[in-house]
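Visitor: for reference, the sequence and a predicted model appear below.
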Amino acid sequence: MPSPFERPGSMNNKPRVSSAHHHGTPCTRTHQIGAIILVAASFFFTRLFDQSFSLCNFNHNIASHKDIVRVADGNGGELSWQERGYGPHLSLKIYVYDENEIDGLKALLFGRDGTITANACLKGQWGTQVKIHRLLLQSQFRTTKKEEADLFFVPAYVKCVRIMGGLNDKEINQTYVKVISQMPYFRRSGGRDHIFVFPSGAGSHLFRSWATYINRSIILTPEGDRTDKRDTSAFNTWKDIIIPGNIDDGMTKDAARIVQPLPLSKRKYLANYLGRAQKKVGRLKLIELAKQYPEKLESPELNFSGPNKFGRLEYFQHLRNAKFCLAPRGESSWTLRFYESFFVECVPVILSDQVELPFQNVIDYTQISIKWPSNLIGPQLLEYLASIPDEDIEAMIARGRQVRCLWVYAIESKPCSAMQGILWELQRKVRQFHQSTETFWLHNRTIVNRNLVEFSHWKPPMPLP
C-alpha cells in the first residue's frame, strides 16, 4: 500500500535569481523627465480604470441580489430562482447507488424476499420515493463515477415495503445500518453529501436510528414536523428539503385530466373537507362544523372499502365542488390535499400550524393559499371565507396555476417540475470540501482515517458512530 505521506507530484521548478548587475545605457536627465511623465500618466489612467471597475462591480453586486435565474412556469410565464446561493445554472453531479452494489440495498427497495415491485410502490402518497429514484437514473446530472460526484443518492422504498410486509421496523433499522456501513463516501463526509427520501408523514423516523446515523445527511421529505408523537422533529431547515407529495398522475396531465375544474358560479359549496377524522381535534371540529352548516361546508364520510367505497374519481369530483379546500393536520403536519387542490382549482386553506411548504425561496404562499389558526376552526372561519370576493378567489387560483407545475414529478426536459425544484435546492447543499469526525487530511491533500489509512483503501464494513 502506498504511503499516504507521499507527495502526489514533484515540483521541479527552481526559483529565478535576479542579478543585481545590469549593463546598459546610462540614465540621463531626459530619461528622468520621461519617467516622471510616465508615472503621472499611469496614475491618471489607473484611477480612471479603478473608478470604472468599481462602478461595474457595484452594478454587478446589485444584480447578484436579484432573482436572475429563471425557469418557465406552467402557464407561459417564469419563476425566478435566486442566483445567490444557487449559481446561474444547474451544475450537479449525483451518484445513484445501484441495487446490486451494496448488500442490503435490494431489501430496502423490494423487501426481504424481493417480491415487492417498484410499480406497486409508485402509487399512493409515498410514490415520490420511486419517482425521484427513476428521474435521477435518467438525469443528465447523474454520474457513474463516485470520485467526481457532488452528492450521493441512496434509493429505498421503505415506506411501501413496510406497509406491504416486506420488512418490519426492526429489519428496516438493521438493514439501513448494514447498508451505510458499506459506503466509504458516506464515512468520508459523515453522510453530509448523501441523500435519503422519506416520503410519508413519519419522515426519517421510519429509520428508527436516524438520529445516530444520518443526522447530517440530506433528507427529502414532505413532512416538517412530527412533534405530536416524538420528542423532536427529524426535519432540519438548514440541511433537509421539503418535497411535494405524490399527486395522482391522472390529475397532473392538463389534456387528459380525469376531472376538470368547475366555474366558481357552478360550485355547490363554499368549502369542503374530504378526509377521515383520525381522532384529530381539527378534523373533528370540521366534521362537526359541516353538520351545523351543511349548505356551506361539505364533509362526507369517506369509505375506503365496501360498497360505498370512495373512488378516486368521486373524490376529485367532490373536491372540485367548493371554492376553498380545507387542509387540516392529520397524523402529521402535511397533507396531500393541499397539493391536490391546485389541480381542481380550489383555494387551499391550511389548518396545520406546524406545516412546512416546499420551495419557499421561489413561492410566496400568501398569493396562492390561506393559512388559518387551527384553534379558530369554527363559524368564524366560514364567515371569513364567505367574505372573500370571487374576483380575489379567481386571482389566487390563477396564480396557483403558475406554480402547480412544481408539484408534478415530470421528466427533466420539462422546464418546470418538482424535480427541477429539488435539483435547485440540492445544488445549494453542494460543498467543495467534505469532512467528518472520522476524516483527517495531510499536507499533500491526502484524506486518511484515524489509522492514517488513505481514503482509497478504506474497506467495508466501516465503523459507524
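Guide: That came through, no problem. Numbers count the residues shown, from 1 in each chain.

Visitor: next, count neighbours for Glu301.
Guide: Counted by other C-beta atoms under 10 Å, the residues lying close to Glu301 total 9. Where C-beta positions appear, they are placed from N, C-alpha and C, glycine not excepted.

Visitor: next one: the one 10 residues further on
Guide: By other C-beta under 10 Å, the residues close to Gly311 number 9.

Visitor: do you know the pLDDT at it?
Guide: Looking at Gly311, its pLDDT stands at 83.

Visitor: hmm, Leu302 is touching Lys309, no?
Guide: No - judged on C-beta atoms under 8 Å, Leu302 makes no contact with Lys309 at a distance of 9.2 Å.

Visitor: of the two, who's got more company?
Guide: Leu302 (15 against 10).

Visitor: can you tell me the element the residue nearest to that one when sequence neighbours are not counted falls in?
Guide: In space, and not counting its chain neighbours, Leu302 is closest to Phe310: 4.9 Å by C-beta to C-beta, 6 or more residues apart in numbering. Using DSSP states H and E, Phe310 maps to neither a helix nor a strand.

Visitor: check Tyr95 too.
Guide: Using DSSP H and E, Tyr95 falls in strand 94-96.

Visitor: average pLDDT for that strand, rounded please.
Guide: 98.

Visitor: please apply the same query to stretch 178-186.
Guide: 95.

Visitor: next: stretch 338-353.
Guide: Averaging pLDDT along stretch 338-353 gives 96.

Visitor: now the end-to-end length of it.
Guide: For stretch 338-353, the first-to-last residue distance is 14 Å (C-alpha to C-alpha, to the nearest Å).

Visitor: buried residues in that stretch?
Guide: For stretch 338-353, burial by neighbour count (16 or more other C-beta atoms under 10 Å) applies to 338-352.

Visitor: from the residues you listed, which land in helices?
Guide: Of the positions in these, Phe338, Tyr339, Glu340, Ser341, Phe342, Phe343, Val344 sit in helices, assigned by DSSP state H.

Visitor: can I get those in JSON lines with distance to Trp210?
Guide: JSON lines is the format used below for those (distance: C-beta to C-beta, whole Å):
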{"residue": "Phe338", "distance to Trp210": "25"}
{"residue": "Tyr339", "distance to Trp210": "25"}
{"residue": "Glu340", "distance to Trp210": "28"}
{"residue": "Ser341", "distance to Trp210": "31"}
{"residue": "Phe342", "distance to Trp210": "31"}
{"residue": "Phe343", "distance to Trp210": "32"}
{"residue": "Val344", "distance to Trp210": "35"}
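
Visitor: tell me the bridge partners for the closest residue to Leu137 other than its chain neighbours.
Guide: For Leu137, ignoring the flanking residues on the chain, the nearest one in space by C-beta to C-beta, 6+ apart is Val96 at 5.9 Å. Beta-bridge partners for Val96, by DSSP bridges, are Phe153.

Visitor: how many neighbours does Val96 have?
Guide: Residues near Val96, counting by other C-beta under 10 Å: 20.

Visitor: renumber starting at 76 from here on
Guide: Will do, 76 is the new start, and the previous item becomes Val171.

Visitor: contacts only, for Glu213.
Guide: No, residue 213 isn't Glu; it's Gln. Applying C-beta atoms under 8 Å, 6 or more residues apart in numbering to Gln213 gives the contacts Ile486, Glu487.

Visitor: make it 10 Å
Guide: Applying C-beta atoms under 10 Å, 6 or more residues apart in numbering, we find Gln213 in contact with Ile486, Glu487, Ser488, Met494.

Visitor: how about the helix or strand hosting the last one as CSV, C-alpha atoms only?
Guide: When elements are assigned from DSSP H and E, Met494 belongs to helix 493-502. As requested, C-alpha coordinates have been extracted for helix 493-502 and formatted as CSV (Å, rounded to 0.1, in the frame of the first residue of the first chain):
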residue,chain,number,x,y,z
ALA,A,493,-40.9,19.1,-8.8
MET,A,494,-37.7,17.5,-9.9
GLN,A,495,-36.3,20.8,-11.2
GLY,A,496,-37.1,22.4,-7.9
ILE,A,497,-35.4,19.6,-5.9
LEU,A,498,-32.3,19.8,-8.1
TRP,A,499,-32.0,23.6,-7.5
GLU,A,500,-32.4,23.0,-3.7
LEU,A,501,-29.8,20.2,-3.9
GLN,A,502,-27.4,22.4,-5.7
